[in-house]
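J.: predicted model and sequence follow; I will ask about them next.
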Amino acid sequence: MLNPDCTQPPLQHSRTRPGRLRPAKHGLKLGFGVVALLLASAASSNSAQAGGQAPAQLTIDTTKIVSPVSPTLYGLMTEEINHSYDGGLYAEMIQNRAFHSDWEGAAPWDLVRRGDAAASKQLDTSTGPSKVLSYSMKLSVTAASPTSEAGLTNPGYWGYGMRPNTTYSGSFYAHVENPEIGPITVRMISNATGAVQAQTQVTVKPGPWARYEYKLSTSKIQPSIANHLEFTVAHPGTLWLQLVSLMPPTFHDRPNGNRPDLMERMAAMHPKFLRLPGGNYLEGMTPENRFDWKKTIGPLLDRAGHRGPWFYWSTDGFGLLEFLEWCEDLKVEPVLAVYAGYSLDGTHITPGKDLEPYVESALDEIEYVTGDTSTKWGAERARDGHPAPFPLHYIEVGNEDYLDGSGSYPARYAQFAEALHKRYPQYKLISTDGNSEYLTKVNSDVSDEHYYKSPADMMDLVHHYDTMPRTGGPKIFVGEWATRSGSPTPNFGDALGDAAWMTSMERNSDLIVMASYAPLLVNVSPGGMEWPTDLIGFNAGTTYASPSYWAQCLFAGHLGDGTAKSAISGENPRFFYSATVSSAEKVLHLKLVNASNVAQPLSLNLAGANGPASATVISLHGATFEATNSISDPDTIHPIESTIPVPGSAWPYTVPALTIEVIDLPIQ
């Protein structure tokens, strides 16, 4: 992803850091009611609603399918940006659990000293529980009592999301030299009142480093995020701590798992794949800070973490296996991106001998994902707790390599492609620099193209793929795209731009085989966002859906397997549509997008419809382009469902101004 000042190939926009419910069978069942201005009884009333505008003629022949719709069209792309993982999807609640230190020290940890307690803290680089975590936080308590405790406190990621009657699971590694320091009391405390939300005690024993577990269980508290966590002792002594963790209940109760609310949001998008590990997070600012997958597997105690490209530390608790289990939990396939020798600071690895270790790493990574337990890395995956291989069909070589000013990507891609095709000929390869002059020559199956645009520009792009050749070149993966004007999440103008663009991708899905909006997630707490505009907003306790999120859910949840023959005339220039057919279910999915401030009357002529019937309409409407949802007002814009009568194969219909609609209609 690229900042707006950077030079880019035509039509490609990207990010780099600066100096970058289906109701019944179809649709989201979120509310019922008659949708205003949905159906006019006659063409004359249509014209009146549109200020006298003559109806546009929309003809759809559901008996003629002009092209297939890709079964993998809509998917997910994320990366570690906006605290998407640490402080987001990854359920760990404690910030900086491994005491990573920089110029601020091991922030945000601080001392607790009640009454006349006396204590100090310092990072001890001489002792830790593992080779990777060979350091620890040393707490030296020289004065403490049951009424004057001392210890450490952590604010979490802008608080802790606490719910009533819930049990939270914690652990830590500790070392003490003598027992006099006594047990460690763990408390979750309200910032505002000082009330203890939950507490427990853990007895630590003298001797070598050991792992301890604890539980924090709430009672009938009010849900809140304004809380902090404390670890205190009531007696003098010295205590060393490392890898201090607290997890809420996770999605599917998976150990080291994900936040259920965010996973449920993603599941409702009906995704077919997850592009991982995603974007700039794959490349890193330097090769040393790339997503080095071998350092992200195995016990957490053996994961040091690394500096991510968006200014904050990644714990790597969310590693390669966790990505793959994320796919498994959502019942989607991974689209695996491998590091291809280019990083965001402009560094590239010279093709040839210098690039060989990175090629070998990619081959090992694919074996970890897909190999059976008789292989080296398949056996390693089994030791990590997942004996069964994961499915895989696509491998992406690099990310946004059109930014490589050295021009080395064709040679780097060719070196990877030769090795990958030799060992894994069954997989399709995705190239990432959009250079059509050599893609066919180097046997690229799919080209990854990225678009970040304003609402107006996105609407103007909708015919970009209409006349592109369908033979002789790679298919298209729109791996990152978003309409961007709202912050931190899209406003309704963005949703209209997104919906317009999705009609184009559906219409051209014989060419566009996959697409994924980016970025997917943003922590909307002050300081949590690096990049607007982002699809799903959240804080430590809750999530909300943007207007564009609802558009994504509607489009992906109502998608056929073929594009019906259709034609339109007389429409306003900001009216867009797509018409796909589910052949097995015999349903027409008609998407209508009116981005104009006046209603759009239509004269609909449908060949292949069942005659007089009813249709399900799901409508998404905003009063203005700027109308939106937020963490404090999450439901301003949401889908409304209704059922309307369909008088026959020809009928008048009006799409209100600033409205996105999905109509599901039975067909023959």
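T.: Arrived safely, thanks for sending.

J.: hey, let's count contacts and neighbours off CA atoms from now on
T.: Will do.

J.: so where's the stretch 551-668 of the chain uncertain?
T.: Segments of the stretch 551-668 of the chain classed as low confidence (criterion: pLDDT under 70) are 611.

J.: please, where are all the strands along it?
T.: Using DSSP state E, counting those that start in this stretch, the strands of the stretch 551-668 of the chain run over residues 562-569, 575-582, 587-594, 600-607, 613-621, 640-646, 650-655, 659-666.

J.: and the fourth one with strand 562-569, angle?
T.: Meaning strand 600-607. Relative orientation of strand 600-607 versus strand 562-569 (axes from the mean of the first three to the mean of the last three Cα atoms, to 10 degrees): 130 degrees.

J.: the inter-axis angle of strand 600-607 versus strand 659-666?
T.: Inter-element angle recorded for strand 600-607 and strand 659-666: 20 degrees (by the same axes, to 10 degrees).

J.: just how off-centre is strand 600-607 within its chain?
T.: 37 Å (Cα atoms, centre = their mean, to the nearest Å).

J.: partner strands of it and their direction?
T.: When pairs are called by DSSP bridges, strand 600-607 turns out to pair with strand 56-68 (parallel), strand 650-655 (antiparallel).

J.: deepest of these, which one?
T.: strand 650-655 (a mean of 22; mean count of other Cα atoms under 10 Å).

J.: what mean pLDDT would you report for whichever helix or strand residue 75 is part of?
T.: Residue 75 belongs to strand 74-77 when elements are defined using DSSP states H and E. Across strand 74-77, the average pLDDT comes to 98.

J.: which elements pack onto the next helix or strand after it?
T.: For strand 74-77, the following helix or strand on the C-terminal side (DSSP H and E) is strand 110-113. Applying 3 or more Cα pairs under 8 Å, 6 or more residues apart in numbering; DSSP states H and E, one finds that strand 110-113 contacts strand 118-124, strand 150-154.

J.: buried residues in strand 110-113, which are they?
T.: 111, 112, 113 (16 or more other Cα atoms under 10 Å).

J.: neighbours of residue 387, just the number please.
T.: 15 (other Cα atoms under 10 Å).

J.: can you add distance to residue 271 and give the strands paired with strand 600-607 back as JSON lines?
T.: Shown next, in JSON lines, are those (distance: least, Cα to Cα, whole Å):
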{"stretch": "strand 56-68", "distance to residue 271": "18"}
{"stretch": "strand 650-655", "distance to residue 271": "28"}
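
J.: which stretch among those comes nearest residue 506?
T.: Among the strands paired with strand 600-607, strand 56-68 comes nearest to residue 506, with 9.4 Å by Cα to Cα.

J.: what about the closest one, average pLDDT?
T.: Averaging pLDDT along strand 56-68 gives 96.

J.: and residue 420, how many residues sit next to it?
T.: 22.

J.: sorry, back to before: for residue 420, find the nearest of the helices and strands packed on strand 110-113.
T.: strand 118-124 (44.4 Å).

J.: how about the closest one: buried residues?
T.: Neighbour-count burial for strand 118-124 [16+ other Cα under 10 Å]: 118, 119, 120, 121, 123.

J.: which residues are contacting that strand?
T.: When contacts are defined by Cα atoms under 8 Å, 6 or more residues apart in numbering, strand 118-124 is touched by residues 99, 106, 111, 113, 135-144, 150-151.

J.: thinking again about what came up before, can you list the strands that the strand holding residue 75 pairs with?
T.: Counting by DSSP bridges, strand 74-77 is paired with strand 273-276 (parallel), strand 512-517 (parallel).

J.: who wins for proximity to residue 449 among those strands?
T.: strand 512-517 (9.3 Å).

J.: make a markdown table out of the strands of the stretch 551-668 of the chain and add distance to residue 68.
T.: Formatted as a markdown table, the strands of the stretch 551-668 of the chain follow (distance: least, Cα to Cα, whole Å):
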| stretch | distance to residue 68 |
| --- | --- |
| strand 562-569 | 4 |
| strand 575-582 | 9 |
| strand 587-594 | 14 |
| strand 600-607 | 19 |
| strand 613-621 | 24 |
| strand 640-646 | 27 |
| strand 650-655 | 26 |
| strand 659-666 | 19 |
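
J.: which one, of the ones you listed, ends up nearest to residue 346?
T.: Once those are compared by Cα to Cα, strand 575-582 is nearest, at 39.8 Å.

J.: and that closest one, what does it pack against?
T.: helix 492-507, strand 562-569, strand 587-594.

J.: deepest in the core, which of those is it.
T.: Of the helices and strands packed on strand 575-582, helix 492-507 is the most buried (mean count of other Cα under 10 Å), at a mean of 28.

J.: list the beta-bridge partners for residue 578.
T.: residue 591.

J.: identify the residues contacting it.
T.: 503, 504, 506, 507, 563, 590, 591, 592.

J.: what's the most distant pair in these?
T.: 563 and 592 (14.6 Å).

J.: how far away from the center of its chain is stretch 608-620?
T.: On Cα atoms, centre = their mean, the centre of stretch 608-620 falls 33 Å from that of its chain.

J.: contacts for that stretch?
T.: 27-28, 35, 61-63, 550-551, 637-649, 659-668.

J.: from these, keep the buried residues only.
T.: 27-28, 35, 61-63, 550-551, 637-644, 646, 648-649, 659-667.

J.: same question for stretch 94-114, mean pLDDT?
T.: 96.

J.: could you dump it to CSV, C-alpha only?
T.: In CSV, the C-alpha atoms belonging to stretch 94-114 read as follows (Å, rounded to 0.1, in the frame of the first residue of the first chain):
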residue,chain,number,x,y,z
ILE,A,94,-2.0,-7.7,27.4
GLN,A,95,0.1,-5.2,25.4
ASN,A,96,3.8,-6.0,25.2
ARG,A,97,3.5,-9.3,27.0
ALA,A,98,7.1,-10.1,26.3
PHE,A,99,8.5,-6.8,27.6
HIS,A,100,10.0,-5.7,24.2
SER,A,101,12.1,-2.7,24.9
ASP,A,102,12.8,0.4,22.8
TRP,A,103,13.7,4.0,23.6
GLU,A,104,10.7,4.3,25.9
GLY,A,105,11.7,1.2,27.8
ALA,A,106,9.2,-1.7,28.1
ALA,A,107,6.1,0.5,27.6
PRO,A,108,3.3,0.5,28.6
TRP,A,109,4.2,-1.5,31.7
ASP,A,110,4.4,0.7,34.9
LEU,A,111,4.9,0.3,38.6
VAL,A,112,2.2,-0.2,41.3
ARG,A,113,3.2,1.2,44.7
ARG,A,114,0.4,1.5,47.2
